[in-house]
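**Q** sequence and predicted structure, then a few things I'm wondering about:
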Amino acid sequence: MSKTLVQLIQEKTGISEEQAQGALNTVIGFLKEKLPEPLAAQLDGVVNSDVSAASEMMNTVTSTLGGLFGKKE
């Protein structure tokens, strides 16, 4: 997925592959700082197309959002 994201950034902005990779790294770094630890720890796996990490992250997001809205597990 990372390569796909870099290509998408390139297409949308017209910047080089290296610049697009730098932009992606900046965004990922920012998200890691701002997201709760359980989500931040799984971000690399999601970006690098680790299906199990993506699935686990979605479960964590769903659980977290459910808790925010009063849903009990």
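**A** Looks like it came in fine.

**Q** how about the contacts made by residue 16?
**A** Residue 16 is in contact with residue 10, counting by CB atoms under 8 Å, 6 or more residues apart in numbering. The way it works is simple: take the backbone N, C-alpha and C, and place the C-beta from them, glycine included.

**Q** confidence score at it?
**A** pLDDT for residue 16: 95.

**Q** check which residues of stretch 5-17 are buried.
**A** 5-6, 9-10 (16 or more other CB atoms under 10 Å).

**Q** for those, which one is nearest residue 39?
**A** Minimum separation from residue 39 among these (CB to CB) is found for residue 5, which lies at 17.5 Å.

**Q** distance of that closest one from residue 46?
**A** Using CB to CB, to the nearest Å, we find residue 5 at a distance of 11 Å from residue 46.

**Q** next one: residue 17
**A** From residue 17 to residue 46 the distance is 21 Å (CB to CB).

**Q** about what we covered before: quick check: the two most widely separated of the buried residues of stretch 5-17?
**A** It's 5 and 10 that sit farthest apart of the buried residues of stretch 5-17, by CB to CB, at 9.7 Å.

**Q** contacts for the helix or strand harbouring residue 31, please.
**A** Element membership for residue 31 (DSSP states H and E) is helix 17-34. If you take CB under 8 Å, 6+ apart as the criterion, helix 17-34 is touched by 2, 5-7, 9-10, 13, 15, 40, 43-44, 47.

**Q** lowest pLDDT pick from those?
**A** Among the contacts of helix 17-34, residue 2 has the lowest pLDDT, at 63.

**Q** confidence score at residue 36?
**A** 86.

**Q** my bad, should have said residue 69
**A** pLDDT at residue 69 comes out at 62.

**Q** which segments of the chain make up each domain?
**A** Structural domains assigned to the chain are 1-34, 36-73, following automatic domain parsing.

**Q** now residue 41: phi and psi?
**A** Dihedral pair for residue 41: phi -70, psi -20, per degrees, to the nearest 10.
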